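# Sharing a sequence plus its predicted fold:
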Amino acid sequence: QVQLVESGGGLVQAGGSLRLSCTASGRTFSNYAMGWFRQAPGKEREFVAAINWAGYNTNYADSVKGRFTISRDNAKSTVYLQMNSLKPEDTAVYYCAANRAYWGPDKRSYPYWGQGTQVTVSS
């Protein structure tokens, strides 16, 4: 089992920045690819970004390319999501997720999930 805890969410004005963190425990963090997803009210959970176990392969949703950056620190068992130029449509609960070998957009491939952190972007 992998336990994931997100932090760093909050309220920010449009154009601002936030950095989300997700800290893992329970298994060797460097064995897992990590992803970020988000879910807005009334919408399905959608892919945001993912990173492979070593951090040299990343994948982004078109809606966040050029604004968000995923990174990881295996020594700290933590994955980050740096979010810049935030827009009101980025408002959602953000979740991190883990799986052994896949860093793509299919949420069904991620067996481990955190509890989520709320991000609200005001206009």
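Everything's here; your move.

# Can you tell me the centre-most residue of the protein?
Central residue of the chain (C-alpha atoms, centre = their mean): Trp36, 2.4 Å from the mean position.

# give me the element the nearest residue in space to Tyr94 that is not next to it in sequence is part of.
Using C-beta to C-beta, 6 or more residues apart in numbering and skipping residues adjacent in sequence, the residue nearest Tyr94 is Arg38, 4.8 Å away. No exception for glycine: its C-beta is placed from N, CA and C like everyone else's. Secondary-structure element containing Arg38, defined by DSSP states H and E: strand 33-39.

# Now do the buried residues in that strand.
Neighbour-count burial for strand 33-39 flags Ala33, Met34, Gly35, Trp36, Phe37, Arg38 (criterion: 16 or more other C-beta atoms under 10 Å).

# wait, doesn't the last one sit right on Ala49?
No. Counting by C-beta atoms under 8 Å, Arg38 does not reach Ala49; the two are 9.9 Å apart.

# list the contacts for the residue nearest to Gln118 when sequence neighbours are not counted?
On the basis of C-beta to C-beta, 6+ apart, the spatially nearest residue to Gln118 that is not a chain neighbour turns out to be Gly9, at 4.8 Å. Listed by C-beta atoms under 8 Å, 6 or more residues apart in numbering, the contact partners of Gly9 are Leu18, Leu20, Tyr94, Thr117, Gln118, Val119.

# Are any of those buried, and if so which?
Here, 16+ other C-beta under 10 Å leaves Leu18, Leu20, Tyr94, Thr117, Val119 buried among the contacts of Gly9.

# so can I have JSON lines of those residues showing distance to Asn84?
Rendered in JSON lines, the data for the buried ones among the contacts of Gly9 read as follows (distance: C-beta to C-beta, whole Å):
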{"residue": "Leu18", "distance to Asn84": "9"}
{"residue": "Leu20", "distance to Asn84": "12"}
{"residue": "Tyr94", "distance to Asn84": "15"}
{"residue": "Thr117", "distance to Asn84": "17"}
{"residue": "Val119", "distance to Asn84": "13"}
